[in-house]
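Q: Show me how the following folds:
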Amino acid sequence: MVTSTVASISEDRLARQAYLRRQDDIVIANIKARELEQAERELEQLEAAIAEKAAENEWLRQQLAMLTQSQGN
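A: Residues are numbered from 1 along each chain as shown. Purely as a prediction, here's the structure:
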């Protein structure tokens with residue numbers, strides 16, 4: 001009887017450790033998912049800023065071309 005009680009306690013401890021490891025894995029996965037979502041939002045913001053700067057640069061190129069052309073005539 002003592003042997004079965006010790007075995008039961010040992011199994012419960014192992015089961016609890018396995019459960020806690022699974023819970024930790026879930027928490028870590030959720031943290032990583034939130035971090036990934038945040039990184040994706042930041043990337044989208046950076047891409048939008050780059051696109052805005054590219055459009056601004058194109059406008060400046062056009063203005064410079066027009067100015068250069070008008071000075072050449």
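
Q: in this protein, which spans are helices?
A: Under the criterion DSSP state H, the chain contains helices at 2-72.

Q: Any stretches of it with poor pLDDT?
A: Low-confidence regions of the chain, defined by pLDDT under 70, span residues 1-10, 73.

Q: Residue nearest the middle of this structure, spatially speaking?
A: In the chain, the residue lying closest to the centroid (Cα atoms, centre = their mean) is Leu36, at 1.8 Å.

Q: measure it to Glu47 for me?
A: 16 Å (Cβ to Cβ, to the nearest Å). From N, CA and C alone the C-beta is placed, and that goes for glycine too.

Q: And for Arg61?
A: The gap separating Arg61 from Glu47 is 21 Å, by Cβ to Cβ.

Q: ok, now Arg41?
A: Taking Cβ to Cβ, one finds Arg41 at 11 Å from Glu47.

Q: Same check on Leu60?
A: 20 Å.

Q: and Ala55, how many neighbours?
A: A total of 10 residues lie near Ala55 under the criterion other Cβ atoms under 10 Å.

Q: typed the wrong thing, it's Gln62
A: Gln62 has 10 nearby residues by other Cβ under 10 Å.

Q: Glu52 too?
A: Around Glu52 there are 10 residues (other Cβ under 10 Å).

Q: go on, Gly72?
A: 6.

Q: What residues does it make contact with?
A: For Gly72, the contact set (Cβ atoms under 8 Å, 6 or more residues apart in numbering) is empty.

Q: same thing with Glu40?
A: Neighbours of Glu40 in contact, by Cβ under 8 Å, 6+ apart: none.
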